[in-house]
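Asks: Pasting the sequence and the predicted coordinates here, then a few questions.
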Amino acid sequence: MKDRSLISIDDLCKEEYLQVLDTAETFENKPVQNILDGKVVATLFFEPSTRTRLSFESAVNYLGGKVIGFSDASSSSVKKGESLKDTILTVNSYSDLIVMRHPREGSARYASEVSSKPVINAGDGANQHPTQCLLDLYSIRKTQGKLENLDIVFVGDLKYGRTVHSLVIAMTHFNCRFHLVSPVELKLPSSVKSHIKEKKLEYYQYTDLSEAIPKADIIYMTRIQRERFSDPIEYEKVKDSYVLSKNLLADCKPNMKILHPLPRVNEINEDVDSLPQAYYFQQAQNGLFVRQALLKLILGV
Amino acid sequence: MEQSNKPRKELVVSAIENGTVIDHIPTQSVFQVIHILNLEKFDNQIVIGTNLSSSKYGKKGIIKVSNKFFEPEEINKIALVAPTATLIVIKNFLVTEKKKVEIPETIQKFVKCVNPNCITNIENVPTKFNVIDKEESKLKCFYCEKTTEKKNMVFK
């Protein structure tokens, strides 16, 4: 992966996913390693994303590198009307690697074409967020001891949730069964479903969350956003039907863990937080190790 | 070869000496083809016919461009709007080559991405697509990864 950009989860093959996860494991055992000494990483956040930015910056710092960049477009020359191309060409000469978050879809791929340094996509609009997907994979493997033959339940907004799309596509490499729980309006798009069909894997669609829970090794929760509905009445009808609470989890499998890309609003009741199945906060922490692994592999240190 | 020297029934528009004839264009696509091939800016003789009768398709359009021999990538672009089109190369009033257009693997620059939030619609970035379905003319944006389908295809 040395010197390669990471823009879309499809840029990696199965072996490379596993290489990232194995490397991340070494950082979980020893997070402080002085391997980025003398390296500069640029974090260009054209829209704010506190969690992702801090996690990347913390990863660089634990590895002994330095960070330059900005945390939202208003504090950069974008405000003066500079094009993305010019910003990238400038930052290029100041850093060894660029981590970029941008509100427009396709911006990261474009930046990687313009840049002579590798680019890691930290989210391009509603399109891709590959490091989130890798930390999801890491969390699944860590809690289940494997990635193969699992039953994964995806809940909530499966239509617009980019983390769901990437994770579904990534998990098709591991012979999983997919349980898709969503309101009819927010079903998984056929372009993503086609990946499941291509590999001839099993998938089941539900509108009732309680039906899918007993089958799950992993429950992947997402937030349903009001603005996704053209009819506000429809939103009011479904908004509370996809909320995970303690009493719903009575017949779950003993190994089951709950993941959520965060931030959550109300889709996981707080009474779940203290249960052994709740894994979403550790999941966020795994982001640090996965990002450390990517920095190491891409910079080739 | 011999046959093409004789005047044929459908030859309503005059023959050309050297150049390219694009035949069997669906009538509604004639002007799109002109636009895609950038013929508005071409200064040699061009003869355009449309709503001509065709034994094969009922009605058809035809474009005859003098002294112009298209590169395959150039002409294949029109396959998106005129999949039935035939390309005929004329040298000295004789047909030297005749073939069907074929949709290429990638499409660059002249189709707009359907996604309004795609970087190609925001900044000055030329579009680039992979053709993921040749029969249905489905294009996947190289940048935002959204699919542009025939029914919502807009040409730049």
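Replies: On my side now, so go ahead.

Asks: For the helix or strand hosting B:G61, name the packing helices and strands.
Replies: Using DSSP states H and E, B:G61 sits within strand B:58-66. Strand B:58-66 sits against strand B:19-25, helix B:30-36, strand B:46-54, with contacts defined as 3 or more C-beta pairs under 8 Å, 6 or more residues apart in numbering or on different chains; DSSP states H and E. No exception for glycine: its C-beta is placed from N, CA and C like everyone else's.

Asks: Where does chain B get nearest to chain A, residue-wise?
Replies: Proximity of chain B to chain A (C-beta to the nearest C-beta) peaks at B:Y143, 2.7 Å away.

Asks: Tell me the confidence at the residue lying closest to that residue once chain neighbours are set aside?
Replies: Of all residues not flanking B:Y143 in the chain, A:G106 sits nearest, at 2.7 Å (C-beta to C-beta, 6 or more residues apart in numbering or on different chains). Per-residue confidence (pLDDT) for A:G106: 98.

Asks: Could you report the neighbour count for A:G106?
Replies: 31 (other C-beta atoms under 10 Å in any protein chain shown).

Asks: contacting residues for it?
Replies: Each residue near A:G106 by C-beta atoms under 8 Å, 6 or more residues apart in numbering or on different chains is listed here: A:124-125, A:127, B:113, B:115, B:118-120, B:125, B:141-145.

Asks: Contacts only, for residue 60.
Replies: Let's take chain A. Counted by C-beta under 8 Å, 6+ apart, A:V60 has contacts A:L36, A:K39, A:V41, A:K66, A:V67, A:L295.

Asks: hmm, I had chain B in mind actually
Replies: Neighbours of B:K60 in contact, by C-beta under 8 Å, 6+ apart: B:D23, B:H24, B:I25, B:P26, B:T27, B:T50, B:L52, B:S53, B:S54.

Asks: Try it again at 7 Å.
Replies: B:K60 sits next to B:H24, B:I25, B:T27, B:L52, B:S54 when contact means C-beta atoms under 7 Å, 6 or more residues apart in numbering or on different chains.

Asks: again with A:N269
Replies: A:N269 neighbours (C-beta under 7 Å, 6+ apart): A:V243, A:L244, A:S245, A:K246.

Asks: Mind giving me the PyMOL command for buried ones among the residues you listed?
Replies: Those of the contacts of A:N269 that count as buried under 16 or more other C-beta atoms under 10 Å in any protein chain shown are selected in PyMOL with:
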select buried, chain A and resi 243+244
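
Asks: Give me the subset of the contacts of A:N269 lying in helices.
Replies: The members of the contacts of A:N269 all map outside helices under DSSP state H.

Asks: Make a markdown table out of the contacts of A:N269 and add pLDDT and distance to chain B.
Replies: Supplementary listing: the contacts of A:N269 in a markdown table, determined by pLDDT from 0 to 100; distance: C-beta to the nearest C-beta, whole Å:
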| residue | pLDDT | distance to chain B |
| --- | --- | --- |
| A:V243 | 94 | 30 |
| A:L244 | 95 | 30 |
| A:S245 | 95 | 35 |
| A:K246 | 95 | 39 |
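
Asks: Excluding residues flanking it in the chain, which one is nearest A:L186?
Replies: Closest to A:L186 by C-beta to C-beta, 6+ apart is A:K159, at 4.3 Å.

Asks: ditto for A:T23
Replies: A:A293 (3.7 Å).
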